[in-house]
Each structure stands twice: as structure tokens, then as C-alpha cells.
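**Q** got a predicted structure plus its sequence, pasted below:
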Amino acid sequence: MQDILIHARDYHGHTTACEFGVRLAATLGASVTAVYACPHPMYFSPVVYPSAITAFMENALELVKNAVQARPAFEQWAASLGVPKAEWLVAQGIASDALLQAATRHDLLVLDHPTIDQGSPWDIPGLILRAGVPCIVLPQAEAMPERQIQRVALAWNGSPEAMRAIHAARPLLRGRQVLLLWGAAERDVDHGVEWDPSFHILEYLQRHGVEVEEHMIAARHDEVGTALLDAATKFGADLLVMGAYGRNRFSEWWLGGATRHVLAWADIPVLFRH
């Protein structure tokens, strides 16, 4: 996690994602890149009246100009929080497309839910499933308390997605209090391959210097999301780590039930990995 990417929904101030992402970068000694996306005039300009087109183009260019001018203030603010390597990028186009392109050169993507309708929050599932990097999604709140990540809950069911999520979260686990939430029915992670000895998640974590508590989750398939959030809340977790599941390869933008529930209702940051 040396290069953290942030979706900045506003260039006037510091959004929840900016606050969280920059402070996390300072904790990890990482660099940070914030991306602000402006609508591209070619996609959104009205086509009826030439005067309306001209006005729209002028407004779009003014928006880009103002957004670009926010760069020095963001970089200075990040430096004041302990992140000397900060970058502010302005993209013209659809925000999700810009973030997917930028994600290819970053280790982590930080997203927040919009507090007002400035782009549908349902862009978030598509980003989680297509970004190729772990995504931390912040809860639907106007502001988050400035707290460090001290207690982390890990959702484990033996799936490749859960393993990728825990592997990605390793930089956030050492020295923290960690709770492993076991699924009652662990999936076949080996897919027909026999190993001697077989993989064990506790041994994996201990080998990487992570000591954990354990808690079994016994819930019906349609109640797993609720059970995970309840257990994380009782533990006092500052972060929940879990795999993100799509229904199938032809409709990946539909999230699985537990993932969708946690995304909608979590009141703590969640690290997802597809």
C-alpha cells in the first residue's frame, strides 16, 4: 500500500475520502493521488440551441480551470498531515472510467458514498468488482471521526475473494487487535487440489506477525451481512475486511447479498477485494 488513490468528489474542501485516505497514507508512509472528475462537454452538452451549447462549454471549461487550481492547496494540506508525496489530478469524463484507469498504477482505492446525488452511489459496486485493487469504502456519513485503525475484523469463508482481501489488508494488521470471523460453512478454497499440509488461515496470519481472536458466524445465507456487521460492532472494529462477490461473470455489477448489505449499511470503513 505505497500508492493510495482517492476519489475526490469536491474540489472546494476535503471530502470524507480525502480525509481518510490522506491520514491513512501518513500512517503507512505512502504517497497519495486524489482524482476529481469533471463532466466532459462532448458527452453532456445540450444539442438544441447553439447559445446553450456555448454557455455549457464555457461553464465546463471554468469548472476544469477551478478544479486544476485546487492542486496546490491539496498538496500543501497533505504535506501538513505528513504526506509529502501527494498528487491532485483532474479528469474530464465519467468518474468511474477515470478511477478505473488510475487504479492500474495504485495499490488501494478509497471511496465514499455521496452525501448528495453527485453521481450514483451504485457506481461503487462496479468499481469494487472491476478496479483490480482493494477498495476501502467509507460509510454514508457527512464526516467521520479522526480515529486511527486499531481494531480490525476479518471476514473469512475460505473463498479466493476473502483470501485476497486479507492478503491485501496485511499492512493494516500488524500491531492491531484483529478478530477473525469464521463462516459456519467454509468454502473449498483448493478447488480440487490436495495439499499436504492443508492451508490454515490462522497459521498464515501468525506467520506474518498477526495475532487474532476468533469468532464463529452462524447465520443463514441471507443474514450473513447482518451477522458480520453485528460482530464487527461488538468487537469495536475500526475496519472490516471482506471479499466482494459478483453473482456471475455475465452480470458482475450485481453484488452478492452479504457484500451488498455491508456496502449499504456499514457504519465503519470496509476494505473490499474482488
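**A** Cool, got the structure. These numbers come from a predicted model, not from an experiment. Numbering: from 1, shown residues only.
**Q** so where do the strands sit in the stretch 101-250 of the chain?
**A** Under the criterion DSSP state E, counting those that start in this stretch, the stretch 101-250 of the chain contains strands at 108-112, 135-138, 151-156, 177-183, 212-217, 239-243.
**Q** tell me which strands the first one pairs with, and in which orientation.
**A** Using DSSP bridges, the strands paired with strand 108-112 are strand 3-7 (parallel), strand 135-138 (parallel).
**Q** including mean neighbour count, could those go into TSV?
**A** Placement of C-beta: from N, CA and C, glycine included. Converted to TSV, the strands paired with strand 108-112 look like this (neighbours: other CB atoms under 10 Å):
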stretch	mean neighbour count
strand 3-7	25
strand 135-138	24
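**Q** returning to what we had before: would you mind putting the strands of the stretch 101-250 of the chain into a markdown table with mean pLDDT and distance to V32 alongside?
**A** Shown next, in a markdown table, are the strands of the stretch 101-250 of the chain (pLDDT from 0 to 100; distance: least, CB to CB, whole Å):
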| stretch | mean pLDDT | distance to V32 |
| --- | --- | --- |
| strand 108-112 | 96 | 9 |
| strand 135-138 | 96 | 13 |
| strand 151-156 | 97 | 21 |
| strand 177-183 | 94 | 25 |
| strand 212-217 | 94 | 29 |
| strand 239-243 | 97 | 18 |
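**Q** format these as CSV; extra columns: distance to A37.
**A** Putting these into CSV (distance: least, CB to CB, whole Å) gives the following:
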stretch, distance to A37
strand 108-112, 13
strand 135-138, 16
strand 151-156, 31
strand 177-183, 35
strand 212-217, 38
strand 239-243, 26
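**Q** out of these, nearest to F74?
**A** strand 108-112 (14.2 Å; CB to CB).
**Q** quick one on the thing from earlier: who wins for proximity to L205 among the strands of the stretch 101-250 of the chain?
**A** If you check each of those against L205 by CB to CB, strand 212-217 wins as the nearest, at 5.6 Å.
**Q** return the list of strands paired to that closest one, each annotated with direction.
**A** strand 177-183 (parallel).
**Q** run the chain-centre distance for the strand it pairs with.
**A** The chain centre lies 20 Å from the centre of strand 177-183; the measure is CA atoms, centre = their mean, to the nearest Å.
**Q** for the strands paired with strand 108-112, which one sits closest to A79?
**A** Nearest to A79, of all those, is strand 3-7, at 15.0 Å by CB to CB.
**Q** neighbouring contacts of the closest one?
**A** Strand 3-7 has contacts (CB atoms under 8 Å, 6 or more residues apart in numbering) with 17-18, 21-22, 24-25, 28, 30-35, 95, 99, 102-103, 105-112, 133.
**Q** still on that earlier bit, so which of the strands paired with strand 108-112 comes closest to A86?
**A** Closest of the strands paired with strand 108-112 to A86 is strand 3-7, at 9.7 Å (criterion: CB to CB).
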